[in-house]
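Trainee: Turn this into a structure:
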Amino acid sequence: MTNEVIILNQKQIEQKITRIAYQLWEDNLEEKELVIAGIVDYGYILAERIKNKLEEISGIKITLMKIVMDKTTTFLQANTDIAVEECAEKVVILVDDVVNRGRTMAYGIGIFLDIPVKKLRTVALVDRSHRVFPVSPDYTGMELSTVIKEHVDVVISNQPDTEDVVYLR
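Mentor: Numbering: from 1, shown residues only. Have a look, this model is predicted:
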């Protein structure tokens, strides 16, 4: 049996999402439109929640993009639900649940390298700081010092009867 410790509960996750939304709004006060791109699975759910909160507080038009990538491959292979070219000359916010070594976030950034984005920012709910790739989120819900063998497990859902939680195992 593994030990698990709750590091963020439902209310704390909601507070982190609200804070990140306000920070994004502050960073983009002059913008009329943002693209929020979430990495499937939990990064996309987090992106949806940030989008909803930003729309509630700001009035900025927000396009939500879903990024599906093979996180086990050694080369960038990703699919999006809207054409990447539609992000040209716009602010793009890339969202993932946990940044550990930085590889998934680096791959996510790679999707936008061939188009002229106005600005690219990154968001993570939890930043573990075990960098292999030189990628750090611009906005973080929580920075957490862990040993490499520990695992951060984010459980968030859009189902109304499911409790959101982040565990350290």
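Trainee: Any buried residues in stretch 69-80, and which?
Mentor: Of the residues in stretch 69-80, 69, 78 count as buried by neighbour count, 16 or more other C-beta atoms under 10 Å. (C-beta placed from N, C-alpha, C; glycine too.)
Trainee: Quote the end-to-end distance of that stretch.
Mentor: Between the start and the finish of stretch 69-80 there is a gap of 9 Å, counting by C-alpha to C-alpha, to the nearest Å.
Trainee: With stretch 73-89 instead?
Mentor: End-to-end distance of stretch 73-89: 30 Å, with C-alpha to C-alpha as the criterion.
Trainee: Distance of residue 70 relative to residue 23?
Mentor: 31 Å (C-beta to C-beta, to the nearest Å).
Trainee: And the helix or strand containing residue 20, how far out from the chain middle?
Mentor: Following DSSP states H and E, one finds residue 20 within helix 10-27. Distance, stretch centre to chain centre, for helix 10-27: 12 Å (C-alpha atoms, centre = their mean, to the nearest Å).
Trainee: Residues contacting that helix, please?
Mentor: 8, 34, 46, 49-50, 53-54, 57-58, 60, 93, 121, 123, 125, 139, 141-142, 156, 163-166 (C-beta atoms under 8 Å, 6 or more residues apart in numbering).
Trainee: Can you select the buried ones from those residues in PyMOL?
Mentor: Burial among these is assessed by 16+ other C-beta under 10 Å; the matching PyMOL selection reads:
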select buried, resi 8+34+46+49+50+53+54+58+60+93+121+123+125+139+141+142+156+164+165+166
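Trainee: taking the contacts of helix 10-27 one by one, which sit in strands?
Mentor: 8, 34, 93, 121, 123, 125, 139, 141, 142, 165, 166 (DSSP state E).
Trainee: picking that back up, list the buried residues for the helix holding residue 20?
Mentor: 12, 13, 16, 17, 18, 20, 21, 24, 25, 27.
Trainee: Who are the contact partners of residue 146?
Mentor: 128, 130, 152, 168.
Trainee: Save the residues you listed as TSV, and put in pLDDT, distance to residue 74 and secondary structure too.
Mentor: Formatted as TSV, these follow (pLDDT from 0 to 100; distance: C-beta to C-beta, whole Å; DSSP: H, G, I helix; E, B strand; the rest coil):
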residue	pLDDT	distance to residue 74	secondary structure
128	90	21	coil
130	80	18	coil
152	92	23	strand
168	92	28	strand
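Trainee: Out of the residues you listed, the closest to residue 117 would be?
Mentor: Residue 117 has its nearest neighbour among the contacts of residue 146 in residue 128, at 26.3 Å by C-beta to C-beta.
Trainee: Skipping its backbone neighbours, what lies nearest that closest one in space?
Mentor: residue 100 (4.7 Å; C-beta to C-beta, 6 or more residues apart in numbering).
Trainee: If anything else comes up later, I'll come back, but that's it for now.
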